[in-house]
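[1] Provide a 3D model corresponding to the input given below.
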Amino acid sequence: AGFANGITEIGCWAHARRKFHDLHVANKSQIAEQALGYIQELYLIERELAELPPEERQRQRQENSKPILDQLHHWLIAKRQQVPDGSGTARAIAYSLKRWDALTRCLDDGAVPIDNNWVENQIRPWALGRSNWLFAGSLRSGQRAANIMTLIQSARINGLNPQAYLQDVMEKLPTQKASKIEELLPHNWTP
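    Numbers count the residues shown, from 1 in each chain. The predicted structure follows:
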């Protein structure tokens, strides 16, 4: 539904890589090893581009990453025709080919990362605790817990000490004007 409303899918090379890594660990697949080599080249380039502004990163990706991606794409198509349907290798290759447009969107926008590892690392504590929070007591309690967790994570992302932030906000909240409540949000807060 989101894509039909104009949301653009961005692929994650870490997920594509993981398919080949798992395949290689399981049976030392040479095809998986070759795919990992291509993907490693992309990450080496990204490491060099990390500090560049988005416009320059896009230019460098077009110059350095696009040829590797073109080679990888042709190689994946050729290898897919050589492996039996339903095999682990076929599934790993199909995963990348099916998402190829999304995986290569990073070529057209230097602000787009090649994977979503940063986001996944930010949400991991919440994803791991999800089953524990099924028993918050009530829907309202669960919503309150989600709001508090969002504030804590937002404070961290904004470089704040969550405990100091929450303590200060709780002290200011009773006297804070409703029209100025946004001043207490983590990205606007000053101690």
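[2] contacts and neighbour counts: CA atoms only from here.
    Noted.
[3] what about stretch 52-70, start to end distance?
    Criterion Cα to Cα, to the nearest Å; first-to-last residue distance in stretch 52-70 is 23 Å.
[4] who touches that stretch?
    38, 41-42, 45, 49-50, 104, 106-111 (Cα atoms under 8 Å, 6 or more residues apart in numbering).
[5] ok, and the most crowded of those?
    Within the contacts of stretch 52-70, neighbour counts (other Cα atoms under 10 Å) peak at Cys106, which reaches 23 neighbours.
[6] just give the nearest non-adjacent residue to that one, would you?
    Nearest residue to Cys106, sequence neighbours excluded (Cα to Cα, 6 or more residues apart in numbering): Val112, at 5.3 Å.
[7] what about the one you found, which helix or strand?
    Using DSSP states H and E, Val112 sits within no helix or strand.
[8] give the full set of residues in contact with it.
    Neighbours of Val112 in contact, by Cα under 8 Å, 6+ apart: Ile10, Arg105, Cys106.
[9] with pLDDT, secondary structure and distance to Gln176 as extra columns, can I get the residues you listed in a markdown table?
    Conversion of the contacts of Val112 to a markdown table gives the following (pLDDT from 0 to 100; DSSP: H, G, I helix; E, B strand; the rest coil; distance: Cα to Cα, whole Å):
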| residue | pLDDT | secondary structure | distance to Gln176 |
| --- | --- | --- | --- |
| Ile10 | 87 | coil | 40 |
| Arg105 | 94 | helix | 44 |
| Cys106 | 93 | helix | 43 |
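[10] any chance of those residues in a markdown table, plus distance to Met149?
    Below are the contacts of Val112 laid out as a markdown table (distance: Cα to Cα, whole Å):
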| residue | distance to Met149 |
| --- | --- |
| Ile10 | 26 |
| Arg105 | 32 |
| Cys106 | 31 |
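[11] which member of those is positioned nearest Thr175?
    Ile10 (43.6 Å; Cα to Cα).
[12] isn't Ala32 right next to Leu23, touching?
    Yes. If you go by Cα atoms under 8 Å, Ala32 and Leu23 touch, sitting 6.3 Å apart.
[13] now do the shared contacts for the two.
    Residues touching both Ala32 and Leu23 (Cα under 8 Å, 6+ apart): Thr89.
[14] circling back: which one of the contacts of Val112 sits closest to Gly142?
    Ile10 (30.4 Å).
[15] list the contacts for that closest one?
    Ala102, Leu103, Arg105, Cys106, Val112.
[16] next one: phi and psi at it?
    For Ile10, the backbone dihedrals (degrees, to the nearest 10) come out as phi -120, psi 130.
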